[in-house]
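> Just to be clear, the model below is a prediction. Sequence and coordinates:
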Amino acid sequence: MRNTYRVKTYRTFAPKPPNAQLMNAIRNSRYAQKSDVPEVLFVAKNAFNDFNICDELKTNIKHKEYNSPTPIQDQTIPAILEGKDVIGIANTGTGKTAAFLIPLIDKVFKNKNRSEKVFILAPTRELAVQINDELKDFTSGMRISSVLCIGGANMYRQKGDLRRNPDFVIGTPGRIKDFIQHRALNLSHFNNVVLDEADRMVDIGFITDIKYFISLLPTNRQSLFFSATISGRVKEILAGFVKNPVTVTVKQHDIEENIRQDIIRTTNKGKKVDQLHDLLTKEGFDKVLIFGRTKWGVQKLADELLNRGFKAGAIHGNKGQNQRQRILNEFKQNEINILLATDVASRGLDIPDVSHVINYDMPATYDDYVHRIGRTGRANKKGIALTFVDSY
């Protein structure tokens, strides 16, 4: 029996940096969830067993307990299997990673002379690690190799792994550029390329590097492009990246209807952390992700919560990759129940069972707000998003 997806369409809002305009967009998104809007019933056309992929991969998919494709998987996997370039536009948390990994793994596995090589570029170390972990799950027992090329990890070890001619290279722009300049990585060898969360890479200033990487790729390649939004600058990348692409859009709304949004007003700067403390001691705050604006502020708040007896950890750009990954794993495995982060954790990360997202500091844009609170209410579960609004 096919899974069904009920999708509501909501009004959308352009990013507006000023706080007053941003608050107006957040308020409107809260009220939009309560309004009567038309529902569209989505029925998956395929089951994973319907796809023309190898039995080994089907077995691994079954072991991961993937029962039926999500909308983005249902529509993109057949096109990728046919060798077409694809532009996938979808919200975070919709299964984009599996949508490109499954057909590319099948392509590599069926290629007897191992000439199919895959290059995947992601905006953050955490997302790159997550993609590599999912790749390992899908390729269990298939003798498919990968190298993770990210900053904060041992560069010489990564160089050594690259010399072994892996099937997949997954990395972030900074470390990939380093390896190209050191002649440890030749992008002309990769005939399958994925840009994941492309809008985020543009937002954080990597558009020049991405254009440079594209210039080094072979002309004859399969190009897959996944993004939540397509801005003017993102279109600059698309123009030189894909050829006659199939465009799949399943981005029907900004915020899932199962995320309840609310505002916490603060009237005294000195009492703000006390308000947070009182919230965190309430029933139901089982697994909480707190976002702050700066690395320094996030670490200071984490230290304060630790001093108050909470089980908390922080990830941000001032921590080494091993530290960040260890803390993230502790949060995923419920060894700590509060994770504090900058926007490094707002894109792409799949953390199960987050009960609350708290914006301790206001996000810079409405898009950032949407991606932050999208860490809760995943896999059809209920979630709560709270935003602190300074009134002093």
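Yes, it's here.
> Return the distance of residue 339 relative to residue 77.
Using Cβ to Cβ, to the nearest Å, residue 339 is found at 32 Å from residue 77. Any C-beta I mention is one placed from the backbone N, CA and C, and that applies to glycine too.
> In the stretch 251-392 of the chain, where is pLDDT below threshold?
Under the criterion of pLDDT under 70, the regions of the stretch 251-392 of the chain flagged as low confidence span 251-257, 345-349, 379-380, 392.
> mind redoing it with 90?
Within the stretch 251-392 of the chain, the stretches falling below the threshold (pLDDT under 90) are 251-263, 265-270, 316-325, 328, 342-353, 362-383, 389-392.
> which residues in it form helices?
Assignment of helices within the stretch 251-392 of the chain using DSSP state H, counting those that start in this stretch yields the ranges 272-280, 295-307, 321-332, 366-373.
> could you dump those helices to a markdown table with mean neighbour count and distance to residue 212?
As requested, the helices of the stretch 251-392 of the chain are arranged in a markdown table below (neighbours: other Cβ atoms under 10 Å; distance: least, Cβ to Cβ, whole Å):
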| stretch | mean neighbour count | distance to residue 212 |
| --- | --- | --- |
| helix 272-280 | 16 | 43 |
| helix 295-307 | 17 | 27 |
| helix 321-332 | 18 | 24 |
| helix 366-373 | 25 | 25 |
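> surely residue 261 meets residue 372?
No - taking contacts as Cβ atoms under 8 Å, residue 261 lies outside contact range of residue 372: 11.2 Å.
> give the contact list for residue 138.
If a contact means Cβ atoms under 8 Å, 6 or more residues apart in numbering, then residue 138 has 57, 60, 61, 64, 98, 101, 102, 105 as its contacts.
> Identify the residue with the minimum pLDDT among the residues you listed.
Lowest pLDDT among these: residue 64, with 91.
> ok, now how distant is it from residue 263?
Relative to residue 263, residue 64 is positioned 38 Å away (criterion: Cβ to Cβ).
> Ok, residue 84 next?
Distance of residue 84 to residue 263, given as Cβ to Cβ: 45 Å.
> more neighbours, the two?
More neighbours surround residue 84 than the other of residue 84 and residue 263, with 17 against 14 (other Cβ atoms under 10 Å).
> got a list of what that one touches?
Residues counted as contacts of residue 84 (Cβ under 8 Å, 6+ apart) are 222, 244, 245, 246.
> Inside strands: which ones of those?
222, 246 (DSSP state E).
> which one of the contacts of residue 84 has the most neighbours?
Of all the contacts of residue 84, the highest neighbour tally under other Cβ under 10 Å goes to residue 222, namely 21 neighbours.
> Quick check: beta-bridge partners of the nearest residue to it once chain neighbours are set aside?
Counting by Cβ to Cβ, 6 or more residues apart in numbering, residue 192 is the residue found nearest to residue 222 once chain neighbours are left out, at 5.0 Å. Counting by DSSP bridges, residue 192 forms beta bridges with residue 118, residue 222.
> does residue 130 sit in a helix or strand, and which one?
Of the helices and strands defined by DSSP states H and E, residue 130 is found in helix 125-138.
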